Each structure stands twice: as C-alpha cells, then as structure tokens.
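Asks: need a structure here:
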Amino acid sequence: MTKLTIFYGFNILFFFTFFGCVPSTTVTRIYLQEVEVHGPMNSSPVHITDSSESSITISPRIAFNTKNTLTGKIDDHTLVNSQGFFQVDTIYNGDGTFSFQESPGVNKYQYEENNLTWYAPDVTASLDFDLKISKSFAFFVGGNYSVVKQKPIWGALFGIGLMGTGETAAFRFDVGLNIQEIPYNAYTIVSVTTTNSSGSINYVTDYYDISKKTQFNPFAAITINSFNKDWLFNMFFNAGYRSQSLVNFTPEDQVYHNPYYYGDVYVTEDLRGEVTAGIIDLTPGIYFNFGDSGRIILGAKFNWIVQIEDLDNSFQVLPMLQFDFIL
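Replies: Just a heads-up that it's a prediction; the model follows:
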C-alpha cells in the first residue's frame, strides 16, 4: 500500500511539473467605498388604550424630520494613499484596451473620512389599522410613503399588541416587523489576485449600483396613557426600540470603461461593512377626544440612533400628528 501511494504521488507530481498544470489560487476581495441610502427612519403608530372591549381604529399619521441628512462611517474601506484615495495604475493592452491594477506599495493608510450618507424625507405619511379583538389583545397593520430626492419610497409594518387597563390609565406592549424600501447608490471596488507558478496577477474593477432593497426589521414599544373623558386632554408616553438595516446588498452593475472584459467575479472574501442602525425612541405627548369616535394625537419623537460609527447627528426630534378614527 505504501509503495502504491508513493507511485501515484510521483506520477501526479510528474504530470503537473511536465505539463505546467500547477493549480492556481484566485482571491477576490470586495470593498464598499461609499454609499448613499434614502429612506425614513422606521417608526410605529402610537396606540392609545381605553376600557373598550373591541374596536377598529384607523390612524393616518404625519411625521416631520428636522434633520434630513446624516453621515457616518462603514468599516473595511480599502486602504488608501497619503491623499486619502485608492490609487490604481492603468495598464494598456496590445489590442487597444486597458485595465487597472492597484498601485504597488502606495495604498497603505486607513481611510478616515465618513463614507455613509443617509438622506431622510422631510415628511413621512402613514396609514395604520388596529383591530382590537379583546381588552387584552390586538392586531395591527399599516403602511408609509415618503419622497427623498425625487425617489418615491414605500414601507409597511404589522404586529400584535398586548394591553391592560385600570380606572383611568392603561398600558400597551407592541411587537412587530417593519418592512421598508431603501434606495441606495453604492460604489464598490473588487480586487482580484490570481497566483500560480508564474507569479501573481492583480486587476481591479469597480461597480456603481443604483438600486433599492426591501429590508425587514423587528421593533418593540410600550405605551402608557390616561383615558379620562372628563379631562380637556389626556397624556401618553411611548418608548420603543427598533433596528433598521441600511446597507446589505450584492454589487451588480460593473462600470464599463472599454471593451476589456474581466469575466464573472466570484466572491471569496466579502469585506464590505453592513450597516444596521439601532433606534431608541421616546415619545411624550397629549391627545384630545372628539366624541366617542376619534382622537387627535400630538407628540414629539425623540430618537437616538446607535450602532453607526461616527454618526454626525445621532439625536433626532420628529414632531408627529396622528388622527384616530374609531369604528
């Protein structure tokens, strides 16, 4: 058995050596250089609870954004030169085409600038439906619409609510899922290095994607409110936490420089940083009853955005106006 193994090993080595068929290794690395995303911050309606057994509540809602441009940083940008740019050399081929290679020994510095920009709408309009099945359980569903830089953006949510009431006060705990379109413009660098017995060959290509992706993110919120109909107005306080995915995509649109074709790129090392924001939401406010069939709700959403590195405006205040029509 030992002699047979040595014989086979010798023949395989002879075959690779004689015919030059030494296996090559190709390493492909993807780096997200810069990205712009568009869309509202995930939100949920304020659900006021009273002592009713069951009801259907239709709630149109408007939220106003006071800071509609945020910038932050995504990790794992390519290394850059001393001026902060990813430097490449242009290689001219004999057939009149050209390709790009990373300049040797030049890109050795960490990228220090912000490379994420989040454009939020000035106004987001929402419509929600809340089906209260009993004094302690409800199901809700809704949608939202906004426009950012002439891009129409849609979103939705659904979830369940658990509640309890006292004589003049109540609480409600909501859990659900936000579904939100996020348009994006993303610039990506792909570096491919092939190593074989002759040495290493590197080329660089770039992608510029203009597209959108639908993101799914959970949320949870609790609302405490008074419900005394003899008062001129009642108060509420809503607190919640939700996540929001902003960057998570596959580059698709290769920048076309000339007829030189690189072929399909098979990802082996995806070094793009993904971005998911965490949003802490505190919303105090008041509401006015009009008869037994409706409410006007006024509040301000105080949002703290976490989990994005070097974010310039992590604190947001969003005034909100909501109407409840009770059936």
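Asks: Tell me where this protein has helices.
Replies: Listed in chain order, the helices of the chain (DSSP state H) span 2-19.
Asks: who touches residue 161 in this structure?
Replies: Counting by Cβ atoms under 8 Å, 6 or more residues apart in numbering, residue 161 makes contact with 47, 130, 132, 137, 138, 139, 140, 172, 173, 174. Where you see a C-beta, it was placed from the backbone N, CA and C, and this is true even at glycine.
Asks: Give the closest residue to it in space, chain neighbours not counted.
Replies: Using Cβ to Cβ, 6 or more residues apart in numbering and skipping residues adjacent in sequence, the residue nearest residue 161 is residue 138, 4.0 Å away.
Asks: Measure how buried that neighbour is and give me the count.
Replies: Residue 138 has 23 neighbours, counted by other Cβ atoms under 10 Å.
Asks: which one is residue 222 nearest to, not counting chain neighbours?
Replies: Using Cβ to Cβ, 6+ apart, the closest residue to residue 222 is residue 173 (5.0 Å).
Asks: cool, residue 229 as well?
Replies: residue 289 (6.0 Å).
Asks: Please apply the same query to residue 305.
Replies: residue 314 (4.9 Å).
Asks: so that neighbour makes contact with residue 306?
Replies: Yes. Between residue 314 and residue 306 there is a contact under Cβ atoms under 8 Å: 7.2 Å.
Asks: picking that back up, could you dump the contacts of residue 161 to TSV with pLDDT and distance to residue 95?
Replies: Compiled in TSV, these are given as follows (pLDDT from 0 to 100; distance: Cβ to Cβ, whole Å):
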residue	pLDDT	distance to residue 95
47	96	67
130	98	66
132	96	72
137	97	71
138	97	68
139	97	64
140	98	62
172	98	69
173	98	67
174	98	63
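Asks: out of these, which one sits closest to residue 211?
Replies: Relative to residue 211, the closest of the contacts of residue 161 is residue 140; by Cβ to Cβ it sits at 30.3 Å.
Asks: Run through the bridge partners of that closest one.
Replies: Note on residue 140: beta-bridge partners by DSSP bridges are residue 130, residue 159.
Asks: count of neighbours near it?
Replies: Neighbours around residue 140, by other Cβ under 10 Å: 21.
Asks: what separates it from residue 126, distance-wise?
Replies: 12 Å (Cβ to Cβ, to the nearest Å).
Asks: Common neighbours of the two, please.
Replies: Taking Cβ under 8 Å, 6+ apart as the contact rule, residue 140 and residue 126 both touch residue 45.
Asks: Show me the shaky parts of the stretch 1-150 of the chain.
Replies: 1-23 (pLDDT under 70).
Asks: ok, the residue nearest to residue 222 touching residue 219?
Replies: No. If you go by Cβ under 8 Å, residue 173 and residue 219 don't touch, sitting 11.7 Å apart.
Asks: what about the two, which has more around it?
Replies: Per other Cβ under 10 Å, whichever of residue 173 and residue 219 has more neighbours is residue 219, with 21 against 15.
Asks: Quick check: pLDDT value at that one.
Replies: Residue 219 is assigned a pLDDT of 96 by the prediction.
Asks: In contact with it, which residues are there?
Replies: 42, 44, 157, 159, 174-178, 240-243.
Asks: ok, those residues vs residue 228, which is closest?
Replies: Of these, the one sitting nearest to residue 228 (Cβ to Cβ) turns out to be residue 174, at 22.7 Å.
Asks: Next, count neighbours for that closest one.
Replies: Residue 174, neighbours per other Cβ under 10 Å, totals 24.
Asks: ok now do it, which residues does it touch?
Replies: Neighbouring residues of residue 174 by Cβ under 8 Å, 6+ apart: 44, 47, 140, 159, 160, 161, 219, 220, 221, 222, 223, 240.
Asks: Test my guess that the third one contacts residue 56.
Replies: If I follow you right, that is residue 140. No. Between residue 140 and residue 56 there is no contact under Cβ under 8 Å: 10.4 Å.
Asks: okay, and the common contacts of those two?
Replies: What both residue 140 and residue 56 touch, as defined by Cβ under 8 Å, 6+ apart, is the set 129, 130, 131.
Asks: Could you tell me how far the last one is located from residue 152?
Replies: It stands for residue 131. According to Cβ to Cβ, residue 131 and residue 152 sit 28 Å apart.
Asks: Which residues are in contact with the spatially most central residue of the chain?
Replies: Central residue of the chain (Cα atoms, centre = their mean): residue 246, 1.4 Å from the mean position. Contacts for residue 246 (Cβ under 8 Å, 6+ apart) come out as 37, 39, 116, 118, 182, 184, 215, 275, 276, 277.
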